[in-house]
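Enquirer: Turn this into a model:
(2 chains)
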Amino acid sequence: MAMFEGLSEKLQATFKRLRGKGKLTEADVNEAMREVRVALLEADVSFKVVKDFIARIKERAVGQEVLESLTPGQQVIKIVYEEMINLMGGSESKIQIAPKPPTVIMLVGLQGAGKTTQGAKLANLLKKQGKRPLLVACDIYRPAAIKQLEVLGEQIKVPVFSEGQISPVKIAEDSLEWAKKNGNDVLIIDTAGRLHINAELMEELTKIKEKVNPQEILLVVDAMTGQDAVNVAEAFNNQLGLSGVILAKLDGDTRGGAALSVKAVTGCPIKFAGMGEKIDTLEVFHPDRMASRILGMGDVLTLIEKAQQNSDEKKAREMEEKIRKQELNLEDFLDQIKQLRKMGPLSSILEMIPGMGKQLKDVQIDEKEFTKIEAIICSMTPEERRKPELIKDSRKKRIAKGSGTTIQDVGKLLKQYEQTKKMLKQLSALPGMGGGKGMPKATGKSSKKGKKGKKGGQGKKPFLKFPFPF
Amino acid sequence: MAGLFSKLKERLTKTRQGFVDKVGEIFSGAKKIDEDLYEELEEVLIQADVGVNTALELVETLRKTANERKISEPAVLQEVLKEQITAMLGEERALQFAPAGPTVFLVVGVNGVGKTTTIGKLASNLRAQGKKVLLAAGDTFRAAAIEQLEVWGARAGAEVIKQGEGADPAAVVFDALRAAKSRHIDVLLIDTAGRLHNKVNLMNELSKIKRVIEREIPGAPHEVLLVLDATTGQNALQQVKIFQEAADVTGIILTKLDGTAKGGVILGIQSEAKVPVKLIGIGEGIEDLKPFEPREFAKALFSLAEEG
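Expert: Next comes the predicted model:
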């Protein structure tokens, strides 16, 4: 999809003819800025924010020495990237704690942004940090909103204060008293979603604010928001004076330019990012990752984290061992596919890899191919999976039948397996290959294993080994 | 409560009016057609979430037409652009109903776009037309989603078929389809859990729900309606594409148009996916779900462009 074509590739093309130039002239920069502008707009960064941003970049880029190691295109990207981190950065995912408890946090935002869900996630996070949070149900308008908060509170064992559908201002006020009596040191006030142009409901927020004196007023913003993000953020900020932002639904595939817009117009740090529907998916916001994401430059760090989260370290170690001893079989093949697929749709994984955008522009990744391979392997007996050499024609026929594929498919898979095995044989003949990097040969097995485990435990070494050529 | 609503409406109308007056100015304020005007138009379109490429194309076509037809009046140019956009949006299209037996609408979308609320409003509208309506609580995931639908069901006078939280949504849908047939229901509205389109498992779940519907009632679902939040930016293109792959979306419901968001991304969608917009949501009231009128929408794109 054209939308996901990386900015870096476009810029590379723009600058191709500039190779060998020592400095960027204004004309060069203007041309590059057009590409940057389009990329930012396609990522939903607000039009006005883009305008200001580009002006700033241009100033910095004109006359820049082109570093020897970099192409001019990369040089511009580097400036854009740095400025973007500057703009979004300085964020710390910390909640201001009141010197005298309770600390009061207000969550505000449009309908459907994810206030209630993020509120429960935040309560969960604070509870884990040893706090005694209280969730306050001030959304009296949306049907079953109170009930939703109660269910979530039950799940995380955090009390929920509700008084039914009376004035939210009164509920907030009462909750403060209740918290003081019951020893809750953090109040999280879930307010109703409202339009920023609805004067009456915006006024209601001000009244709540006046009653409870919150340390934090957090705007919850849907990461998929388009150009309107600035209007929304500005209106809430003018009305209430925000202290921070939670960017919700960032686990989608949006480029998330709204993050930049909101930060630019409010000056408030983005404190957290909502990364899923489950209660433990409120994460620290990383400006650098967000910058690469907005620019479509790939998000290697997230990819590595994903791989870490999803790979079973013990299995990965076993796999290394097997590769070294050349004992790999189809059962391992199946494991690898399963682990890979756990990370999400392949196309989105590949998008996270820098430079892949271009190569894959016209390649359709067929997820079905994996399903097919899984089906074929699952239709083999365990014996056959361990020793694929055993599979003769009649068995192939049965396997094809069992998996709803053709004999050719089965044959193709077996051939791939053979090739992989051969390749691994060559690989493990090379020094330091066939297992971890620079792994010493077979000596001192136990100590090495221990070391390896520790490394994995620190989460520094991603197990990203897919030894099969597809 | 009623008083609050009417007041609220008054306010919204006022705000909208303000915008309308403001933007007529782009055209009427311009004395002649020049580069500045084109640039301004492009800006307005981009700020309406139309998307850079679509905005550029629109303005390019406009420029060509202006030259060909030798248009010199900005006001005429405005009409041409509206025509262009209206044409892009296609004809106004009504919801499809079954010729006989229960009509089934499957309602899908990402989280927080307003699926359940839309179903509540739709149920009320259909009930007002004298139809027998049944609701299926297919969002078994989100806390209190079932209760939310029940409140809407009670308001509209429609029964709700449900199971507990965490139940298999396909099973709920199956029950609802059976009930719709045996109770001679006119329209069955199926609510589903919000899902981000890049979650493969959840999209597969949706395909499964659709298969269950197809198997139980031939010709159903008569509509697969994707609810799209008008505040969404360019990601809406992906949403449409992937929901279409998983569940053959037949129409879009564009919600939350009562804010300052213009939902211009619909234009980009039309040039790529050709899924018609059938309904729009313009408020929280039961009567605030309206048929989509391309011409009105085209007008609003400009009228709402600039704040303050």
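Enquirer: How about the backbone phi and psi for the residue nearest to A:L240 when sequence neighbours are not counted?
Expert: Of all residues not flanking A:L240 in the chain, A:I217 sits nearest, at 5.2 Å (Cβ to Cβ, 6 or more residues apart in numbering or on different chains). Every residue, glycine included, has its C-beta placed from N, CA and C. With angles defined as degrees, to the nearest 10, A:I217 sits at phi -120, psi 110.
Enquirer: So in terms of bridging, what pairs with the closest residue in space to A:G114 that isn't next to it in sequence?
Expert: Nearest residue to A:G114 in three dimensions, chain neighbours excluded: A:A248, at 3.5 Å (Cβ to Cβ, 6+ apart). A:A248 has the following beta-bridge partners by DSSP bridges: A:D222.
Enquirer: A:A248 contacts A:L218, correct?
Expert: No - judged on Cβ atoms under 8 Å, A:A248 makes no contact with A:L218 at a distance of 10.8 Å.
Enquirer: residues in contact with the residue of the stretch 201-308 of chain B at minimum distance from chain A?
Expert: Across the stretch 201-308 of chain B, no residue is closer to chain A than B:G233, which sits at 2.6 Å (Cβ to the nearest Cβ). For B:G233, the contacting residues are A:44, A:224-227, A:229, A:254, A:257-258, B:49, B:265, by Cβ atoms under 8 Å, 6 or more residues apart in numbering or on different chains.
Enquirer: Just name the closest of the residues you listed to B:L279, please.
Expert: Using Cβ to Cβ, B:V265 comes nearest to B:L279 of the contacts of B:G233, at 16.4 Å.
Enquirer: which bits of the stretch 351-470 of chain A sit near chain B?
Expert: Proximity of the stretch 351-470 of chain A to chain B, by Cβ under 8 Å from any Cβ of the partner chain, involves residues A:E367.
Enquirer: For chain B, what's the nearest residue on the stretch 351-470 of chain A?
Expert: Closest point on the stretch 351-470 of chain A to chain B, by Cβ to the nearest Cβ, is A:E367, at 7.4 Å.
Enquirer: Would you check that that residue makes contact with B:N204?
Expert: No - counting by Cβ under 8 Å, A:E367 stays clear of B:N204, with 10.1 Å between them.
Enquirer: Check which residues of the helix or strand containing A:K421 are buried.
Expert: Using DSSP states H and E, A:K421 sits within helix A:407-429. By neighbour count with 16 or more other Cβ atoms under 10 Å in any protein chain shown, helix A:407-429 contains the buried residues A:409-410, A:413-414, A:417, A:420, A:424, A:428.
Enquirer: So what's the residue count around the residue nearest to A:L240?
Expert: The number of residues packed near A:I217 is 24, by other Cβ atoms under 10 Å in any protein chain shown.
Enquirer: Give the residue spans of the stretch 51-200 of chain A that score low on pLDDT.
Expert: Residue ranges of the stretch 51-200 of chain A with pLDDT under 70: A:63-74, A:90-92.
Enquirer: Close to chain B: what parts of it are there?
Expert: A:110-114, A:141-145, A:147-152, A:155, A:195-200.
Enquirer: hmm, which of the residues you listed are the buried ones?
Expert: A:110-114, A:141-145, A:147-152, A:195-199.
Enquirer: Out of these, list just those in helices.
Expert: Per DSSP state H, helices hold the following members of these: A:145, A:147-152, A:199.
Enquirer: Can you pick out the most distant pair from these?
Expert: The most widely separated members of those are A:V151 and A:A199, with 32.3 Å between them, by Cβ to Cβ.
Enquirer: Give the other helices and strands that the host helix or strand of B:K290 contacts.
Expert: Per DSSP H and E, B:K290 falls inside strand B:289-291. Applying 3 or more Cβ pairs under 8 Å, 6 or more residues apart in numbering or on different chains; DSSP states H and E, one finds that strand B:289-291 contacts helix B:115-128, strand B:277-281.
Enquirer: in its sheet, what does it sit against?
Expert: For strand B:289-291, using DSSP bridges, the partner strands are strand B:277-281 (antiparallel).
Enquirer: Tell me what angle the partner strand forms with helix B:115-128.
Expert: Inter-element angle recorded for strand B:277-281 and helix B:115-128: 100 degrees (by axes from the mean of the first three to the mean of the last three Cα atoms, to 10 degrees).
Enquirer: quick check: mean pLDDT across strand B:277-281?
Expert: Average pLDDT, strand B:277-281: 95.
Enquirer: Can you tell me what sits against that strand?
Expert: Outside strand B:277-281, the residues that touch it by Cβ under 8 Å, 6+ apart are B:89, B:93-95, B:114, B:117-118, B:121-122, B:223, B:225, B:251-258, B:263, B:266, B:288-292, B:297.
Enquirer: And the chain, what are its domain boundaries?
Expert: Chain wasn't specified; assuming chain A. A:2-87, A:103-295, A:304-437 (automatic domain parsing).
Enquirer: Let me rephrase: I mean chain B.
Expert: B:2-88, B:103-292.
Enquirer: Span of the longest one from start to end?
Expert: Read that as domain B:103-292. 21 Å (Cα to Cα, to the nearest Å).
Enquirer: can you give me the offset of that domain from its chain's centre?
Expert: The chain centre lies 10 Å from the centre of domain B:103-292; the measure is Cα atoms, centre = their mean, to the nearest Å.
Enquirer: Closest residue of the stretch 151-300 of chain A to chain B?
Expert: A:G226 (2.6 Å).
Enquirer: Let me fix that, I meant to ask about the stretch 51-200 of chain A.
Expert: A:G112 (3.0 Å).
Enquirer: which residue packs closest to that residue, ignoring adjacent ones?
Expert: Closest residue to A:G112 apart from its sequence neighbours, by Cβ to Cβ, 6+ apart: B:G112 at 3.0 Å.
Enquirer: Let me know the distance separating the one you found from A:E277.
Expert: 11 Å (Cβ to Cβ, to the nearest Å).
Enquirer: One more: B:Q148?
Expert: 16 Å.
Enquirer: Can you lay out the contacts of B:G233 as CSV showing secondary structure and pLDDT?
Expert: Converted to CSV, the contacts of B:G233 look like this (DSSP: H, G, I helix; E, B strand; the rest coil; pLDDT from 0 to 100):
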residue, secondary structure, pLDDT
A:D44, coil, 95
A:M224, coil, 96
A:T225, strand, 97
A:G226, coil, 96
A:Q227, coil, 95
A:A229, helix, 96
A:T254, coil, 90
A:G257, coil, 93
A:A258, helix, 94
B:D49, coil, 95
B:V265, helix, 94
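Enquirer: For those residues, could you give me CSV that also reports neighbour count and distance to A:Q96?
Expert: As requested, the contacts of B:G233 are exported to CSV (neighbours: other Cβ atoms under 10 Å in any protein chain shown; distance: Cβ to Cβ, whole Å):
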residue, neighbour count, distance to A:Q96
A:D44, 30, 29
A:M224, 31, 28
A:T225, 32, 25
A:G226, 33, 30
A:Q227, 30, 31
A:A229, 29, 24
A:T254, 29, 29
A:G257, 31, 27
A:A258, 32, 24
B:D49, 28, 34
B:V265, 30, 36
